[in-house]
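1. Sequence isn't available, so here's the structure alone:
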DNA sequence: TATATTCTTGAGACGATTTATCAATTTCAA
DNA sequence: TTGAAATTGATAAATCGTCTCAAGAATATA
């Protein structure tokens, strides 16, 4: 049984629903992606160059965007690059982001999530994912 | 007395401290900026083209970044562009977003904000802005 | 006020990141 | 196995923001 059977099924379900195909490249990229907490397209390109030197950067971008549509990933822009966060792997992480040096601290907070649920319920919504980013200065950059 | 005397003084203080000059362009851009909650350089470029057709885009980028350094603005990457948030503007709100119909509900929640502060403090951060988006289905689309 | 010094501006070149294009290839259902 | 439809890889192109530099503007000094 593959390591990430659950996510692979989720991806296949999305592909089937949209008349898309399950390709070798998509499987390769999914495997690599699910081992990361977050990654950029460029990083993945270099990582996968060993396994498949002909895998194109455009394919990686296309596939990571596909993962976002399938609900496996979430794009987040910081600095000049886009980070693709793995939201299926370890539970959801929120981010503290230093606007000066770019340092990112991940955190989880059940109380905040509970309050989010309350807000959603009060407005008749059913939440599937969320995004919370706190911007400011880290201890070192404050000086 | 100008509309935004306080912010103008803050800018002048920063300029003086760093041996920078108070120019017509900086005043023009400050005036426009303080009327916004957040704006991109491109948006401001078009907005100000009426008042000064020769104002360059590079000057707007430079000036908005200057405002960040002076503590009047905060850069935030959203989509492919950079949003410059007006820090002096109160009334931050978060968003509930329906992934099916695109409906957006705005909300504020002091308790969540308080918990955010706690998380930040615990990690040595000083928050200046944040972004919270809840994605899911609205009441109508759930059926 | 005149002058010297320094900073700023505008225009376009440039670099980095991401998307679009398109012929060749692969997938998948019949 | 076959054929329609989707995908890929290579690269061109678009987008966004910064850099460069000569010309112009702001401030300090006399």
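-> It's in. Computed from a predicted structure; not experimentally measured.
2. Wait, residue A:97 touches residue A:104, no?
-> Yes - checked against CB atoms under 8 Å, the pair residue A:97 and residue A:104 is within contact range at 5.5 Å. (Glycine included, C-beta is placed from N, CA and C.)
3. Which one's more surrounded, these two?
-> The neighbour count for residue A:97 versus residue A:104, taken as other CB atoms under 10 Å in any protein chain shown, is higher for residue A:97 (24 against 16).
4. list residues touching both of residue A:97 and residue A:104?
-> Here residue A:97 and residue A:104 have residue A:78 as joint contacts, going by CB atoms under 8 Å, 6 or more residues apart in numbering or on different chains.
5. how far is the helix or strand harbouring residue A:27 from where the chain is centred?
-> Under the criterion of DSSP states H and E, residue A:27 resides in helix A:24-34. Distance of helix A:24-34 from its chain centroid, counting by CA atoms, centre = their mean, to the nearest Å, is 13 Å.
6. repeat for stretch A:106-121
-> Using CA atoms, centre = their mean, the offset of stretch A:106-121 from its chain centre is 19 Å.
7. could you check whether it is close to chain B?
-> Yes - judged by CB under 8 Å from any CB of the partner chain, stretch A:106-121 comes into contact with chain B at A:107, A:109, A:111-112, A:115-116, A:119-120.
8. Just those: which are in strands?
-> Among those, the members found in strands (DSSP state E) are residue A:107.
9. Pick out the most distant pair among the residues of stretch A:106-121 next to chain B.
-> Farthest-apart pair in the residues of stretch A:106-121 next to chain B is A:107 and A:120; separation 20.4 Å (CB to CB).
10. between the host helix or strand of residue A:83 and helix A:24-34, how many degrees?
-> According to DSSP H and E, residue A:83 maps onto strand A:81-86. Angle of strand A:81-86 versus helix A:24-34, following axes from the mean of the first three to the mean of the last three CA atoms, to 10 degrees, is 80 degrees.
11. Kindly provide the whole-number mean pLDDT of the helix or strand following strand A:81-86.
-> Downstream of strand A:81-86, the first helix or strand assigned by DSSP H and E is strand A:94-98. The pLDDT scores in strand A:94-98 average 88.
12. ok, back up a step: which of the residues of stretch A:106-121 next to chain B are buried?
-> Those of the residues of stretch A:106-121 next to chain B that meet the buried threshold are A:107, A:109, A:112, A:115-116, A:119-120, by 16 or more other CB atoms under 10 Å in any protein chain shown.
13. closest to residue A:84 among these?
-> For those, the residue nearest residue A:84 by CB to CB is residue A:107; the value is 19.1 Å.
14. Report the contact partners of that closest one.
-> Going by CB under 8 Å, 6+ apart, the list of residues near residue A:107 reads A:93-96, B:119, B:123.
15. Good, wrapping up.
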